[in-house]
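S.K.: Requesting a structural model of the entry that follows:
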Amino acid sequence: MNFLSIKKLFISVICTLLLMNQAMAADKVYRLTLAESWPTNFPVFGDTTKNMAKMAETMSNGRLKITIDSKNKHKAALGIFDMVRSGQYDMGHSASYYWKGKVPETLYFTTMPFGMTTPEQYAWFYFGDGMALMEKLYDKYDMLSFPGGNTGNQMGGWFKKEINSIDDLKGLKMRIPGFAGEVLAKLGAKPTNIPAGELYTALERNTIDALEWVGPSLDLRMGFHKIAPYYYTGWHEPATELQFLFNKKSWAKLPADLQEILRVAMRTAAYDMYIQSYHTSAENWATMASEYPNIKVKTFPQSVIDALKKANQELLAVEAENSPIAKEIQDSQSAYMKKARVWTEISDKAYLSN
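M.R.: Presented below is the predicted three-dimensional model:
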């Protein structure tokens with residue numbers, strides 16, 4: 001056999017091996033684990049993780065399989081950050097502002113008091129600086145974060161007593177996470193964060209005097225109205241975005257096509273959650289009005305709103321001074337909201353005022 005024949009044979013063998021490897025890679029099943037902050041079969045939030053996993057498996061022709069563990073199994077509703085970072089789980093589904101005690105700047109990627117509406121915030125994420133800034137922050141902790149579903153504008157909470165002035169907030173024990181908790185603390189309240197499954201008991205046993213959870217989409221089934229009849233409209237979470245967290249090493253092990261499938265599945269599931277939340281809120285609000293007429297829907301007095309806004313601005317200034325990346329995120333959100341709000345006012349607000 002001459003040299004040319006040997007060369008052709010060698011090339012043929014190499015091509016055959018490459019094709020075999022490609023075929024094997026195309027058939028390989030990648031199994032991922034996901035920890036969520038929610039109880040087993042929790043509506044809307046839990047639907048989102050199941051929806052995402054099903055889409056990813058279908059679009060990958062079975063090459064992506066995601067096992068979901070609820071907080072009933074892993075027992076750490078507010079431990080998702082650490083479990084994903086350590087690699088105990090490949091993925092997580094939670095809310096970024098739960099990590100403010102570890103990384104204060106994470107809370108900006110959920111929602112901010114008096115901040116952007118849901119359409120404005122999604123526009124900032126995908127067409128402004130949002131995704132790049134989120135990647136910049138989470139990269140320090142070897143994780144990726146993706147928008148994970150929005151509740152829309154949340155209600156201001158359930159209160160046992162009516163709020164008539166700032167004095168009524170002093171000493172008030174309230175379950176409220178994120179930056180809003182810090183705002184209320186500045187006005188004398190005593191905020192705390194409690195997982196979903198413990199909220200009713202805490203309210204019933206007077207561990208707390210008030211709480212905010214989401215809105216009619218999820219609140220009505222929790223029974224808070226049986227204990228706290230005053231239901232206030234929102235100020236603190238105008239666009240609450242959940243998150244899909246991903247361990248970077250787990251992400252890097254996936255082929256490029258499966259990474260793209262996951263991006264599409266997460267983004268689609270997030271949008272589906274937003275419209276499901278809107279639909280369920282509309283249905284539950286109608287139920288609430290007809291079946292529970294004793295619920296007193298209230299709006300905070302303007303003097304209270306003004307004090308909340310002032311405290312919010314003062315705290316934001318402190319955060320910006322102490323953290324360069326907090327200032328970068330704040331500046332980006334503020335500039336984008338200023339631009340987008342003009343269109344919101346001339347489109348949605350003007351239409352609704354007709």
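S.K.: Return the set of buried residues in stretch 85-103.
M.R.: 85, 88-100, 103 (16 or more other Cβ atoms under 10 Å). No exception for glycine: its C-beta is placed from N, CA and C like everyone else's.
S.K.: For the residue nearest to residue 151 when sequence neighbours are not counted, list the residues it contacts.
M.R.: Spatial nearest neighbour of residue 151, chain neighbours left out: residue 240 (4.5 Å); criterion: Cβ to Cβ, 6 or more residues apart in numbering. Contacts of residue 240 were listed using Cβ atoms under 8 Å, 6 or more residues apart in numbering, and they are 95, 110-111, 150-152, 154, 214.
S.K.: could those go into TSV alongside pLDDT?
M.R.: Output for those, formatted as TSV (pLDDT from 0 to 100):
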residue	pLDDT
95	97
110	98
111	98
150	98
151	98
152	97
154	97
214	96
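S.K.: Narrow those residues to those in strands?
M.R.: 95, 150 (DSSP state E).
S.K.: which two in the contacts of residue 240 are spaced the farthest apart?
M.R.: Across those, no pair lies farther apart than 95 and 152, at 14.2 Å, counting by Cβ to Cβ.
S.K.: I'd like to check which residues are in contact with the nearest residue to residue 221 once chain neighbours are set aside.
M.R.: Leaving aside its sequence neighbours, residue 221 sits nearest to residue 43 (Cβ to Cβ, 6+ apart; 7.3 Å). With contacts defined as Cβ under 8 Å, 6+ apart, residue 43 is in contact with 218, 221, 280.
S.K.: which ones are touching the closest residue to residue 190 other than its chain neighbours?
M.R.: With Cβ to Cβ, 6+ apart as the measure, residue 173 is the residue that lies nearest to residue 190, at 4.8 Å, once sequence neighbours are left out. Neighbour list for residue 173: 189-190, 192, 207-210 [criterion: Cβ under 8 Å, 6+ apart].
S.K.: Next one: residue 173 from residue 136, what distance?
M.R.: To residue 136, residue 173 is 36 Å away according to Cβ to Cβ, to the nearest Å.
S.K.: Residue 69 now?
M.R.: Noted for residue 69: a distance of 29 Å to residue 136, by Cβ to Cβ.
S.K.: In terms of neighbours, single out the busier of the two.
M.R.: residue 69 (17 against 14; other Cβ atoms under 10 Å).
S.K.: what about residue 163, neighbour count?
M.R.: Neighbour tally, residue 163, other Cβ under 10 Å: 20.
S.K.: Which secondary structure state does it sit in?
M.R.: Using DSSP: H, G, I helix; E, B strand; the rest coil, the structure places residue 163 in coil.
S.K.: How about the contacts made by it?
M.R.: For residue 163, the contact set (Cβ under 8 Å, 6+ apart) comprises 169, 230, 232, 298, 300-301, 304.
S.K.: and those, which are buried?
M.R.: Buried among the contacts of residue 163 (16+ other Cβ under 10 Å): 169, 230, 232, 298, 300, 304.
S.K.: domain assignment for the protein?
M.R.: 29-150+238-291+323-354, 157-236+294-322 (automatic domain parsing).
S.K.: residues contacting the nearest residue to residue 98 once chain neighbours are set aside?
M.R.: Residue nearest to residue 98 in three dimensions, not counting chain neighbours: residue 78, with 5.4 Å by Cβ to Cβ, 6+ apart. Residue 78 makes contact with 37, 94, 98, 193, 195 under the criterion Cβ under 8 Å, 6+ apart.
S.K.: And residue 248, by the same measure?
M.R.: 139, 142-144.
S.K.: And the contacts of stretch 271-289?
M.R.: Contacts for stretch 271-289 (Cβ under 8 Å, 6+ apart): 43-45, 47-48, 51, 118, 148-152, 214-220, 225, 242, 295.
S.K.: So what's the gap between the strand or helix carrying residue 262 and the chain middle?
M.R.: Assessed by DSSP states H and E, residue 262 sits inside helix 256-291. Between the mean C-alpha location of helix 256-291 and the chain-wide mean there is a distance of 12 Å, by Cα atoms, centre = their mean, to the nearest Å.
S.K.: Stretch 106-115 too?
M.R.: Taking mean C-alpha positions (Cα atoms, centre = their mean), stretch 106-115 and its chain are 10 Å apart.
S.K.: Kindly report the same for stretch 191-200.
M.R.: Worked out by Cα atoms, centre = their mean, stretch 191-200 lies 17 Å from the chain centre.
S.K.: Next, the buried residues of that stretch.
M.R.: Here stretch 191-200 shows 191, 194-196, 199-200 as buried, counting by 16+ other Cβ under 10 Å.
S.K.: Distance check, the closest residue to residue 32 other than its chain neighbours against residue 252.
M.R.: Among residues not flanking residue 32 along the chain, residue 90 sits closest, at 4.3 Å (Cβ to Cβ, 6+ apart). Distance, residue 90 to residue 252, by Cβ to Cβ: 11 Å.
S.K.: cool, residue 157 as well?
M.R.: 41 Å.
S.K.: between these two, which one's more packed in?
M.R.: residue 157 (25 against 10).
S.K.: quick one: the more buried one and residue 211 touch, right?
M.R.: Yes: taking Cβ atoms under 8 Å as the definition, residue 157 is a contact partner of residue 211 at 5.8 Å.
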